[in-house]
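A.B. asks: predicted coordinates and the sequence they were generated for:
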Amino acid sequence: SAVISQKPSRDICQRGTSLTIQCQVDSQVTMMFWYRQQPGQSLTLIATANQGSEATYESGFVIDKFPISRPNLTFSTLTVSNMSPEDSSIYLCSDRLGGGGGYTFGSGTRLTVV
Amino acid sequence: DAKTTQPNSMESNEEEPVHLPCNHSTISGTDYIHWYRQLPSQGPEYVIHGLTSNVNNRMASLAIAEDRKSSTLILHRATLRDAAVYYCILVTGGYQKVTFGTGTKLQVIP
């Protein structure tokens, strides 16, 4: 299975600023997924990122707030823009190699907005 | 919307087997049943998956009902390191997005 390196692992940011989260995969993967997990809650899908095309966003998430880049098959970034305290959460990336295997997740980015 | 239903929490004594149930009454013929677990302060970790037949791996066993409307993740001997939130999700073949339900928080008692 693929290994995902996600960074930063945590950050404390001022409201109104932006943070870019990076995920590096050790294998080429077709699609990557970005999730948000609020404290004590389950994972909520933000968007699906395919290499070479615009990301597909889930209801309630918009590109202006969560722009995503997918420049190649091993890397993706998620930016949390114009942050407010309500954006404080854990953000995770994920991928699936295919071939019937499972999804692999990064270790998450714990974001606190003050 | 989540397509699976799991108990919010379960307890198990250490070194005893644990059976974690999952209901997925609206499962389609092409949906695989996946299980993941999330340890504190970590991302979810793949545990096991299956389509129709029961499956075993080094981590756990997956028992799938004949009508596929439910499944059970079996941890043969629970350890303290198995304390986590366990998620049962349905995955359509290919690279489809998945929806996580609330999962089952497993507490292992020494």
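C.D. replies: In hand now; what should we look at?
A.B. asks: how near is A:Q37 to A:S5?
C.D. replies: 18 Å (CB to CB, to the nearest Å). C-beta coordinates here come from the backbone N, C-alpha and C atoms, glycine included.
A.B. asks: compare the two (neighbour count), which wins?
C.D. replies: A:Q37 (19 against 13; other CB atoms under 10 Å in any protein chain shown).
A.B. asks: wait, isn't the more buried one in contact with A:L43?
C.D. replies: Yes: counting by CB atoms under 8 Å, A:Q37 touches A:L43, with 5.0 Å between them.
A.B. asks: quickly list what's touching both of these two.
C.D. replies: Counting by CB atoms under 8 Å, 6 or more residues apart in numbering or on different chains, the common neighbours of A:Q37 and A:L43 are A:L92.
A.B. asks: residues in contact with the most centrally placed residue in chain A?
C.D. replies: The residue lying closest to the centre of chain A (CA atoms, centre = their mean) is A:W34, at 3.5 Å. A:W34 makes contact with A:45-49, A:66, A:68, A:76, A:78, A:91-94, according to CB under 8 Å, 6+ apart.
A.B. asks: pull the contacting residues for the spatially closest residue to A:I4 that is not a sequence neighbour.
C.D. replies: The shortest distance from A:I4 to any non-neighbouring residue, by CB to CB, 6 or more residues apart in numbering or on different chains, is to A:G106 (4.2 Å). Taking CB under 8 Å, 6+ apart, we find A:G106 in contact with A:I4, A:S5, A:Q6, A:C23, A:L92, A:C93, A:S94, B:G43.
A.B. asks: among those residues, who's most crowded?
C.D. replies: Going by other CB under 10 Å, A:C93 tops the contacts of A:G106 with 29 neighbours.
A.B. asks: would you say that one is within a strand?
C.D. replies: Yes: assignment of A:C93 by DSSP: H, G, I helix; E, B strand; the rest coil places it within a strand.
A.B. asks: phi first, then psi, for B:T5.
C.D. replies: As for B:T5, its main-chain torsions (degrees, to the nearest 10) stand at phi -130, psi 130.
A.B. asks: neighbours around the nearest residue to A:S18 once chain neighbours are set aside, how many?
C.D. replies: In space, and not counting its chain neighbours, A:S18 is closest to A:S81: 4.7 Å by CB to CB, 6+ apart. Counted with other CB under 10 Å, the neighbours of A:S81 add up to 16.
A.B. asks: ok, B:L39 next?
C.D. replies: Neighbours of B:L39 (other CB under 10 Å): 13.
A.B. asks: hang on, the earlier thing: the residue nearest to A:S18 and A:S88: what is the separation?
C.D. replies: 15 Å.
A.B. asks: ok, A:P85 - contacts?
C.D. replies: A:P85 makes contact with A:R15, A:V113, A:V114, according to CB under 8 Å, 6+ apart.
A.B. asks: restricted to strands, list these.
C.D. replies: Under the assignment DSSP state E, these contribute A:V113 to strands.
A.B. asks: among the contacts of A:P85, who's most crowded?
C.D. replies: In terms of neighbour count, A:V113 stands highest of the contacts of A:P85 at 19 neighbours, by other CB under 10 Å.
A.B. asks: quick check, it in contact with A:S84.
C.D. replies: Yes: checked against CB under 8 Å, the pair A:V113 and A:S84 is within contact range at 6.1 Å.
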